[in-house]
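> Sharing a sequence plus its predicted fold:
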Amino acid sequence: MSAGLLVLAACEKPTPLATVTVGDSSINTAAACYNDGKAIKTADIQPCLNKKAEKVVEIAMDDKVRFGVDPTIAEHGWTLFINGQQAEQEPYKKTYRTIPGNAFFSTQTGETTSDTQVSIVETNGKTLTGIWHFEFKKKNS
């Protein structure tokens, strides 16, 4: 009996998923960093934002990129970070949104790039509570 309890205690609850859909292809991922709705330690935020995405999504400039998050993420609010930098000011509080593909392949200096790391960051007030990463690669048309 106690061995069974030890096995159960060792299992971690899965993190909520974030999904990116382009056309009829969807890719989802678990969080790179997640603290079950509680704040991620300040010292852990930048290293987590700098983690390389494990999931790659190919996107054409004229594709519509659909983001979907678990309702628990939407409840707190979420924002997009591009290459580790916050890309929007206010958290979004719905589970689904669409952004044009060309929004992800321009740098702040106006140059174009062929790959971009996009992170979905769950917020709870001023604190970050979860980070999900995707790498976007520009499709050659």
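Received the coordinates, thanks.
> just the strands in the chain please.
18-22, 25-29, 33-34, 56-59, 64-69, 78-82, 85-86, 96-100, 115-124, 127-138 (DSSP state E).
> Any idea which of those has the lowest pLDDT on average?
Lowest mean pLDDT of the strands of the chain: strand 85-86, a mean of 90.
> So for P47, which of the strands of the chain sits nearest?
Nearest to P47 among the strands of the chain is strand 33-34; the distance by C-beta to C-beta comes to 8.5 Å. Yep, even glycine has a C-beta here, placed from its N, CA and C like the rest.
> The closest residue to N83 other than its chain neighbours: what's it in contact with?
In this structure, N83 finds its nearest non-sequential neighbour in Q117, 5.3 Å apart by C-beta to C-beta, 6 or more residues apart in numbering. The contact partners of Q117, by C-beta atoms under 8 Å, 6 or more residues apart in numbering, come to 52-53, 82-84, 133-136.
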